[in-house]
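Asks: Okay, here's the prediction I keep looking at, along with the sequence it came from:
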Amino acid sequence: MLRIAFIFLAFMLPCAEAAASPVSWQEVWNRCAGSDNDIAIKACTILIQSGQETTGNLVTAYYSRGWHHADKGDDAKAIDDYTRALKINPKHAEALESRGHAYKRLGWTDLAIADFDSALEIKPGDPNLLKARKQCNCGKRKAQQRIF
């Protein structure tokens, strides 16, 4: 019953003359993984707050919501969600990589490198991770050269 109430409240049809109808739990998951950032963030939040998801699904919902926050340019909220996902599953390589990119965009190079290194332990030799880590090292060296 709680699940239907969450779904109903979050996804009522926007037109005043249209009848509001609940969507299936699978549709909430589809929206969480969808391309509309605002709808996805709301859907992922419903899943997280429902109290009915497995820990694996919670990781997925936090990761997805973080990705959508990052896509909107809100790296602080993205980092928060990636961190929540990683508290549940510290070996989630995609969350480590995505949080590393968010740190990098904020200029927090040391934290980005640490996340890329941790992700590389899970996915050794991953070319995207190696490239991201190398870019952080180059950026850090350039910043240090400007200081001295």
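Replies: Looks like it arrived, so ask away. The structure displayed is predicted, hence computed values, not measured ones. Residues are numbered from 1 along each chain as shown.
Asks: for stretch 90-97, which positions count as buried?
Replies: Under the neighbour-count criterion of 16 or more other CB atoms under 10 Å, stretch 90-97 has His92, Ala93, Glu94, Ala95, Leu96, Glu97 buried. In this view, the C-beta of every residue, glycine as well, is placed from N, C-alpha and C.
Asks: and this protein, what are its domains?
Replies: 1-11+23-89, 90-148 (automatic domain parsing).
Asks: what is the mean pLDDT for the one helix or strand Asp80 maps to?
Replies: Asp80 is part of helix 75-88, with elements assigned from DSSP states H and E. Helix 75-88 shows a mean pLDDT of 98.
Asks: In terms of distance to Asp74, which of the buried residues of stretch 90-97 ranks first?
Replies: Nearest to Asp74, judged by CB to CB, of those is Ala95 at 16.2 Å.
Asks: I'd say the closest one and Lys87 touch.
Replies: No: between Ala95 and Lys87 there is no contact under CB atoms under 8 Å: 10.0 Å.
Asks: and Lys72, how many residues sit next to it?
Replies: Residues near Lys72, counting by other CB atoms under 10 Å, number 14.
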